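J.: Just need the structure, nothing else, for what follows:
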Amino acid sequence: MSMNVKLLELSGILDGIRGNELRREVSDILLTGTDILLLDMKEVKFIDSSGLGALVSAMQMARNANTKLFVCSISDQVRMLFELTKMDRIFQTFADQDEFNRQVLATQ
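T.: Now for the predicted structure:
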């Protein structure tokens, strides 16, 4: 069975404005009926509390749609923020898209 995987590449600062855009983008993607959503955060430089809220919101939307949500390519600064806020327990993260492909897609 082939999995329907969507990739969403984020960039810049994930704040309130960008967080609202993220919620809309995730909602639109989930309406298409995807099995797995991968958020590539390689270009994200900073996340504020509104951005964290948007990520949690995206995770909740994905769960409600029976979609698995994963995160890859987070910077050291974002990783530290995830650890401080315990987000690293909520989001399964991968070093990059290649690691995601090896660990998730190869096992499907």
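J.: buried residues in stretch 49-65?
T.: Buried residues in stretch 49-65, counting neighbours by 16 or more other Cβ atoms under 10 Å, are found at 51-52, 54-55, 57-59, 61-62, 65. Using the backbone N, CA and C atoms, a C-beta is placed for each residue, glycine as well.
J.: Can you tell me which of these is closest to T32?
T.: A65 (10.1 Å; Cβ to Cβ).
J.: tell me the centre residue of this structure?
T.: L39 (3.4 Å; Cα atoms, centre = their mean).
J.: For it, which three-state class applies?
T.: strand (DSSP: H, G, I helix; E, B strand; the rest coil).
J.: what residues are up against it?
T.: 8, 10, 55, 58, 69-72 (Cβ atoms under 8 Å, 6 or more residues apart in numbering).
J.: Filter those down to the ones in helices?
T.: 55, 58 (DSSP state H).
J.: and the gap between D35 and Q103?
T.: Distance, D35 to Q103, using Cβ to Cβ, to the nearest Å: 16 Å.
J.: returning to that earlier point: what is the most widely separated pair among the contacts of L39?
T.: Across the contacts of L39, no pair lies farther apart than A58 and C72, at 14.2 Å, counting by Cβ to Cβ.
J.: which regions of the protein lie under the pLDDT threshold?
T.: Residue ranges of the chain with pLDDT under 70: 1-2, 107-108.
J.: Helices of this structure, residue ranges please.
T.: Ranges of helices in the chain, per DSSP H, are 16-31, 49-64, 76-84, 97-103.
J.: any chance of these in TSV, with distance to I90 too?
T.: Shown next, in TSV, are the helices of the chain (distance: least, Cβ to Cβ, whole Å):
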stretch	distance to I90
helix 16-31	15
helix 49-64	6
helix 76-84	9
helix 97-103	17
